[in-house]
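1. predicted model and sequence below, questions to follow.
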Amino acid sequence: MRSNPLRTLWQSGGAAVNGWLAIPNGFSAETMAHQGWDSLTIDLQHGVVDYQAMVGMLQAISTTTTVPVVRVPWLEPGIIMKTLDAGAYAVICPMVNTREDAQKLVSWTHYAPRGTRSFGPVRALLYGGADYPQHANDTVVAFAMIETAQALDNLDAIMSVEGLDAIYIGPSDLSISLGCRPAMDDLEPKAQQAVDHVLARARAHGLVAGIHNTGPEAALKRIAAGFQFVTVSSDARLIAAGAQQVMAAMRAGIKPPPLAGDSY
């Protein structure tokens, strides 16, 4: 079976640089994948991507060694299993708030006897290889998103679930849940303390910790703090930022036409 480079990278103590895909298009996904990201996450929760678009994007990513990750819309077995059958090598599941939630996530991402994932890896066989069924349980990565006050209250119970590989902090939702303004990098003290606590507990439980960021500066600081999976930016944000830079330069360099009567 095709290996999962995320696991290899983490085992060596390294951190994965993750990009985010919100545009439902195979060509844009392929273009992003060829830029050297360790992984790319297709967002089915808040992006405008549907399942069929996701499949084409997974195919596009597979033209490279970039690891295909999918954030599913919710903790629901059907979409989790279909996402894995399509060839995702990691699943990020939002709003995991209790030990029971984490147990469901692990169950639905693993074949028996370790879970209850239904068998039908239609495209996963093409991507992972003919022996995918024998090795999927040890290859696919399950991320539980920690993004609520309730999840903080149940943190150790969630992280102690056998088979959970990693947690992923949603800073904006976590901030809102704690009564703070939504943010990803410049967090209010209460939210920052929560992030630090989640990271510390994840490391104590031997789990990889991931988090959303708005850019390289914040992501590098978080890697230095111990995060091993950092999302830096998205396709949509990068298009907007690049276009803004070009247009700012053009507007600054174009001389305004003379006003009427200024020809003397």
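-> Noted; the coordinates are in hand.
2. next, count neighbours for Pro113.
-> 7 (other CB atoms under 10 Å). Using the backbone N, CA and C atoms, a C-beta is placed for each residue, glycine as well.
3. chain center to stretch 102-113: distance?
-> 19 Å (CA atoms, centre = their mean, to the nearest Å).
4. how about that stretch: buried residues?
-> For stretch 102-113, the buried set under the neighbour-count rule, 16 or more other CB atoms under 10 Å, comprises Ala102, Gln103, Lys104, Leu105, Val106, Ser107, Trp108, Thr109, His110, Tyr111.
5. which one of these is nearest to Glu162?
-> Val106 (7.3 Å; CB to CB).
6. list the contacts for the closest one?
-> By CB atoms under 8 Å, 6 or more residues apart in numbering, the residues touching Val106 are Arg114, Gly115, Ala142, Val161, Glu162, Gly163, Leu164.
7. from the buried residues of stretch 102-113, pick the one nearest His34.
-> Using CB to CB, the buried residues of stretch 102-113 come closest to His34 at Thr109, 28.1 Å.
8. how about the nearest residue to the closest one, chain neighbours excluded?
-> Ala142 (4.6 Å; CB to CB, 6 or more residues apart in numbering).
9. number of residues surrounding the one you found?
-> 25.
10. now do the SS call for it.
-> At Ala142 the chain is in strand, as set by DSSP: H, G, I helix; E, B strand; the rest coil.
11. wait, it sits on Cys93?
-> Yes - contact criterion CB atoms under 8 Å: Ala142 and Cys93 qualify, at 7.4 Å.
12. quick one: common contacting residues for these two?
-> Joint contacts of Ala142 and Cys93 (CB under 8 Å, 6+ apart) are Leu105.
13. now do the contacts for the residue nearest to Thr109.
-> So Ala142 contacts Ala90, Val91, Cys93, Leu105, Val106, Thr109, His110, Gly163, Leu164, Asp165, Ala166 (CB under 8 Å, 6+ apart).
14. farthest-apart pair in those, please.
-> His110 and Ala166 (14.5 Å).
15. surely Val17 forms part of a strand?
-> Yes - with three-state DSSP as the criterion, Val17 is part of a strand.
16. list the contacts for the residue nearest to it when sequence neighbours are not counted?
-> Nearest residue to Val17 in three dimensions, chain neighbours excluded: Asp38, at 5.0 Å (CB to CB, 6+ apart). Neighbouring residues of Asp38 by CB under 8 Å, 6+ apart: Pro5, Leu6, Leu9, Ala16, Val17, Asn18, Thr66, Val67.
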